[in-house]
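> All I have is the shape, not the residue letters:
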């Protein structure tokens with residue numbers, strides 16, 4: 001499952017004068033998924049059901 005919009009990633013990089021490989025969005029999505037899973041665990045450890053920015 002993809003959690004990032006590939007066209008938005010390309011747009012951001014284009015503004016920086018860069019190009020993206022075809023699998024960049026997939027890699028970014030994987031990184032995001034890992035970060036969110038860690039954030040969920042941190043929130044649970046703190047007795048919350050709400051994930052907050054401080055959990056990232």
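Noted; the coordinates are in hand. Because the structure is a prediction, the values reported are computed rather than measured.
> Name the SS class of residue 31, please.
helix (DSSP: H, G, I helix; E, B strand; the rest coil).
> burial of it, as a residue count?
12 (other C-beta atoms under 10 Å). Heads up, the C-betas are built off the backbone N, CA and C, glycines and all.
> and it, how far is that from residue 48?
Distance from residue 31 to residue 48, counting by C-beta to C-beta, to the nearest Å: 23 Å.
> likewise residue 36?
From residue 36 to residue 48 the distance is 15 Å (C-beta to C-beta).
> Residue 50: helix or strand, and which one exactly?
Per DSSP states H and E: residue 50 is located in neither a helix nor a strand.
> number of nearby residues for it?
For residue 50, the neighbour count with other C-beta under 10 Å is 7.
> Skipping adjacent residues, who's closest to it in space?
Nearest in space to residue 50, with sequence neighbours left out and distances taken as C-beta to C-beta, 6 or more residues apart in numbering, is residue 43 at 6.5 Å.
> tell me the mean pLDDT for the helix or strand where that neighbour lies?
Using DSSP H and E, residue 43 maps to helix 24-45. Mean pLDDT, helix 24-45: 97.
> any residues touching it, and which ones?
1-6, 9-10, 49-52, 55-56 (C-beta atoms under 8 Å, 6 or more residues apart in numbering).
> Which strand or helix spans residue 7?
Going by DSSP H and E, residue 7 is in helix 6-15.
> tell me which element the residue of the chain positioned farthest from its centre is part of?
Centroid-distance maximum for the chain: residue 47 at 23.6 Å, with C-alpha atoms, centre = their mean. Using DSSP H and E, residue 47 is not contained in any helix or strand.
> and it, backbone torsions?
Phi and psi for residue 47, reported as degrees, to the nearest 10, are phi 70, psi 30.
> again, but for residue 48
Torsion angles, degrees, to the nearest 10, at residue 48: phi -120, psi 150.
> neighbours around it, how many?
12.
> cool, the one 5 residues further on as well?
Residues contacting residue 53 under the criterion other C-beta under 10 Å number 6.
> Same check on the one 3 residues further on?
For residue 56, the tally of surrounding residues (other C-beta under 10 Å) stands at 10.
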